[in-house]
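**Q** Sequence plus the predicted model coming up.
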Amino acid sequence: MLRNEHVRAWVKEMSEWLTPEDVVWIDGSKAQIELLHNVACGIGELIKLNQELLPGCYLRRSDKSDVARVENRTFICCKEKINAGVTNNWWEPSEAMEKLKSIAAGSYKGRVMYVVPFSMGNVDSDFHKLGVEITDSVYVALSMMTMTRVGKKISIAFNKAGDNWTRCIHCSCSCDPEERYICHFPESNTIISVNSVYGGNALLGKKCLALRLGSCMGKNEGWLAEHMAIFGIKTPYNDEIKYICAALPSGCGKTDLAMLKPGEKFIKEGYEIYCVGDDIAWLKVREDGRLWAINPENGVFGACSGISKKTNPNALQTGMKNTIFTNVVLNEDNKTVWWEGMDDDPPENATDWLGNAWNADMGTKGAHPNSRFAAPLANCPCLSKEADNPKGVPISAIILGVKRAKLTPLVFESRDWNHGVFVGSIMSSETTVAADGKIGVLRHDPFGMLPFCGYNMADYFEHWLDIGEKLGENAPKIFGVNWFRTDDDGKFIWPGFEENIRVLDWIVKRLDNKIGAVDSPIGLVPKIEDIDISGLDISSDDLKKILEVDPELWGNETKNIKEFYSKFDKKLPEELTDNLEN
């Protein structure tokens, strides 16, 4: 039982403010999970799926206005505006709190308050953070039990924690998009979300704690909270598993990379990928001087769109049990789910994500482009045996990925750590459906952290440089990748998905100093003969094209970078401007 007096007093205070009909403490037991599933189905929050074909799986449909993260309604509420920086929306804390209290007061009337004590990271580790989320959504309570660590062990950890934990307040309210706010108070270690039940806005341990507040904690405590997948790769020429972190903007393939199943040719040769985490990494320099990473999450909140047996069989299998799907197609004949790209056999008798009768002949999309699944990480068939190691895994390389049609080559290597930080600082990609707003618009997204860095991004760049100085010769190598180069007809040249093992193979060989590279204005690029394209429908000329560094295009990009850098005024580290000039 959780006996922490600070937690109990806070829950009592919140109950008086929000006025719920009842209060339920989440213990994570199987009996409670089953009970809450029944409650959710009884009130129409969830739809029970075919328990023989999809055991433990359910479907949820969201409000049509509540389908993605809302960056324009997301705020950092700190005393000094400069500490939030130019890339964040800033709100003075007392003003924000007054507005939020007026929206949320009494909003739990007639509803249940679910109290979810949780941990981000293994509580046996010296590298975990505790939080308590209160919510009036049974879907959120169930999803938190999937995405975070809950249960008896967590309660014991809380009983020793005193007042050192994050307060997370979620209020569904009326889901009014005009009164939707996701607010972070780093100085009081508090998160408040109102009028949204979308995962990234409502599962407050995820982007809100693990990244926005986590990045602030990391800066103050000397570690990094990053929007990165973590995976290990085993090759036939090295018995050592190399662990890699990969930062890609939302919707650009982090989960695909973390759960990559190599093509048949490479499996036969002895290549394997082991998933540690698909979305968030916490990194710290340990006593041995190396950079180590943990995955603070306990589940996968993945995008369904495009996942299939061909593109990502491991991710597909991960979602086949004990999973909540959101905004996908319901096959009414057998109560299973479907989405565009899953296969070429859409159901004939179905209901779309809006709850309307649907079939493919209607010419409309059945699933929302940002449809999601929340599944236990333990479901992953390629899960690393080190995934829950309290110490984490040692990182040999960091991959920084972008989505650019013409500019960035398929892969390149930075010259050193500081140059790699420069490469991360200038990352820009075409936007995806993971956030509300226009799709395909080019924007700067340093380290894939633009929506998630909870403090001044110029200070964030400096923090990366400081970590590198601490690492010294132990610093991992940093690489850039871009799976999305297109031809003149707008078609992707590189096949991606399982064939990305060929790029990872080049990276590992560079780590082992087995091959050389060619210098270019942006870093070291592969020799044509060192990327294996055997068996692919891609020519040497195609490969040469996507490895090309075009001076004219990069000259134009330099102007864009200077304009982006100018936003930070004099706070930008000199090391970055020096790299730009040189």
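**A** Arrived safely, thanks for sending.

**Q** domains in this structure, as residue ranges please.
**A** 5-47+70-221, 226-299+383-569, 301-374 (automatic domain parsing).

**Q** isn't there a strand covering I182?
**A** Yes. Counting by DSSP: H, G, I helix; E, B strand; the rest coil, one finds I182 located in a strand.

**Q** Enumerate every residue touching it.
**A** 70, 73-75, 191-193, 196, 201, 208 (Cβ atoms under 8 Å, 6 or more residues apart in numbering). The way it works is simple: take the backbone N, C-alpha and C, and place the C-beta from them, glycine included.

**Q** if I look at it, how far off is D176?
**A** Shown here: I182 relative to D176, a distance of 14 Å by Cβ to Cβ, to the nearest Å.

**Q** Tell me how many other residues crowd the residue nearest to G289 when sequence neighbours are not counted.
**A** Distance criterion Cβ to Cβ, 6 or more residues apart in numbering; nearest residue to G289, sequence neighbours excluded, is N474 at 4.6 Å. When neighbours are defined as other Cβ atoms under 10 Å, N474 has 16 of them.

**Q** N474 touches R286, doesn't it?
**A** No. Between N474 and R286 there is no contact under Cβ atoms under 8 Å: 10.0 Å.

**Q** Reformat the domains of the chain as a markdown table; add mean pLDDT and distance to E575.
**A** What follows is the domains of the chain, written out as a markdown table (pLDDT from 0 to 100; distance: least, Cβ to Cβ, whole Å):
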| stretch | mean pLDDT | distance to E575 |
| --- | --- | --- |
| domain 5-47+70-221 | 97 | 17 |
| domain 226-299+383-569 | 94 | 5 |
| domain 301-374 | 96 | 35 |
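
**Q** what's the closest of the ones you listed to L54?
**A** Set against L54 and scored by Cβ to Cβ, those come closest in domain 301-374, at 6.0 Å.

**Q** so how far is the first residue of that closest one from its last?
**A** Using Cα to Cα, to the nearest Å, the end-to-end distance of domain 301-374 comes to 4 Å.

**Q** just how off-centre is it within its chain?
**A** The chain centre lies 21 Å from the centre of domain 301-374; the measure is Cα atoms, centre = their mean, to the nearest Å.

**Q** cool, and stretch 121-128?
**A** Using Cα atoms, centre = their mean, the offset of stretch 121-128 from its chain centre is 19 Å.

**Q** buried sites along it?
**A** 121-123, 125, 127-128 (16 or more other Cβ atoms under 10 Å).

**Q** Would you map the strands across the stretch 101-250 of the chain?
**A** According to DSSP state E, counting those that start in this stretch, the stretch 101-250 of the chain carries its strands in the segments 112-120, 129-135, 166-171, 181-185, 190-194, 224-226, 228-235, 238-247.

**Q** Could you dump these into a markdown table with distance to I273 added?
**A** Shown next, in a markdown table, are the strands of the stretch 101-250 of the chain (distance: least, Cβ to Cβ, whole Å):
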| stretch | distance to I273 |
| --- | --- |
| strand 112-120 | 24 |
| strand 129-135 | 28 |
| strand 166-171 | 32 |
| strand 181-185 | 33 |
| strand 190-194 | 33 |
| strand 224-226 | 19 |
| strand 228-235 | 6 |
| strand 238-247 | 10 |
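
**Q** so which of those strands comes closest to V24?
**A** Evaluated with Cβ to Cβ, the strands of the stretch 101-250 of the chain place strand 112-120 nearest to V24, the distance being 5.3 Å.

**Q** Does anything pack onto that closest one? Which helices or strands?
**A** The contact analysis (3 or more Cβ pairs under 8 Å, 6 or more residues apart in numbering; DSSP states H and E) places strand 112-120 against helix 5-18, strand 22-25, strand 129-135, helix 138-147, helix 152-158.

**Q** Can I get that strand in PDB? Just the C-alpha atoms.
**A** Output in PDB follows, covering the C-alpha atoms of strand 112-120 (Å, rounded to 0.1, in the frame of the first residue of the first chain):
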ATOM      1  CA  VAL A 112     -14.100   8.700 -11.100                       C
ATOM      2  CA  MET A 113     -10.700  10.000 -10.200                       C
ATOM      3  CA  TYR A 114      -8.100   7.400 -11.000                       C
ATOM      4  CA  VAL A 115      -4.800   7.800  -9.100                       C
ATOM      5  CA  VAL A 116      -1.800   6.300 -10.900                       C
ATOM      6  CA  PRO A 117       1.500   6.100  -9.000                       C
ATOM      7  CA  PHE A 118       4.100   5.200 -11.600                       C
ATOM      8  CA  SER A 119       7.800   5.100 -12.300                       C
ATOM      9  CA  MET A 120       9.600   6.100 -15.500                       C
END
